[in-house]
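Asker: when you get a sec, could you give me coordinates for this:
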Amino acid sequence: QVQLVESGGGSVQTGESLRLSCAANGVTDNVYCMGWFLQTPGKEREEVARMFIRSGGPPYSDSRKRRFNISYDSRKKQVNLQVNELTPEDSAMYFCTAGIGTNCRFTYWGQGTQVTVSS
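Answerer: Residues are numbered from 1 along each chain as shown. Below is the predicted model:
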């Protein structure tokens, strides 16, 4: 079993940055990838970024990639999401996730950390 604990959310002004972190605890031998999703009220979760933590392949980010950068600290088993130039449209609950297997099936989820951006 894997437990994911997020941190780093908060309330910021437009244009500011945040660094979200997610530590993976427990048995992580079958975890091959980690990522971040966001969710706003009434909408489904949408993927923001992911990376394969074993193969060393390039990280993936959606259209926000210019502003959102994902990284992984293998020593801490921690995935980070640096989010820059935030706008109110980025306000959401951000969830960390861990995927098992080489096809990155997202299986484990954190409780989420809230990001609120005011204009």
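Asker: sheet partners, orientation included, of the helix or strand bottoming out on mean pLDDT in the chain?
Answerer: Lowest on mean pLDDT, DSSP states H and E among the helices and strands of the chain sits strand 60-61, with a mean of 70. Looking at strand 60-61 with DSSP bridges, its partner strands are strand 46-52 (antiparallel).
Asker: how about the strand it pairs with: buried residues?
Answerer: Within strand 46-52, the residues that count as buried by 16 or more other CB atoms under 10 Å are V48, A49, R50, M51, F52. (C-beta placed from N, C-alpha, C; glycine too.)
Asker: repeat for stretch 98-113
Answerer: A98, G99, I100, C104, F106, Y108, G110, G112, T113.
Asker: likewise for stretch 23-35?
Answerer: A23, A24, T28, V31, Y32, C33, M34, G35.
Asker: residues in contact with F37?
Answerer: Listed by CB atoms under 8 Å, 6 or more residues apart in numbering, the contact partners of F37 are R45, E46, E47, V48, Y94, F95, T97.
Asker: so V115 makes contact with L81?
Answerer: No. V115 is beyond contact range of L81, at 9.9 Å (criterion: CB atoms under 8 Å).
Asker: between those two, which has more neighbouring residues?
Answerer: Neighbours were counted for V115 and for L81 using other CB atoms under 10 Å; L81 has more, 25 against 21.
Asker: how about that one, what does it touch?
Answerer: Taking CB under 8 Å, 6+ apart as the test, what L81 contacts is R19, L20, S21, C22, W36, V48, A49, F68, N69, I70, Y94.
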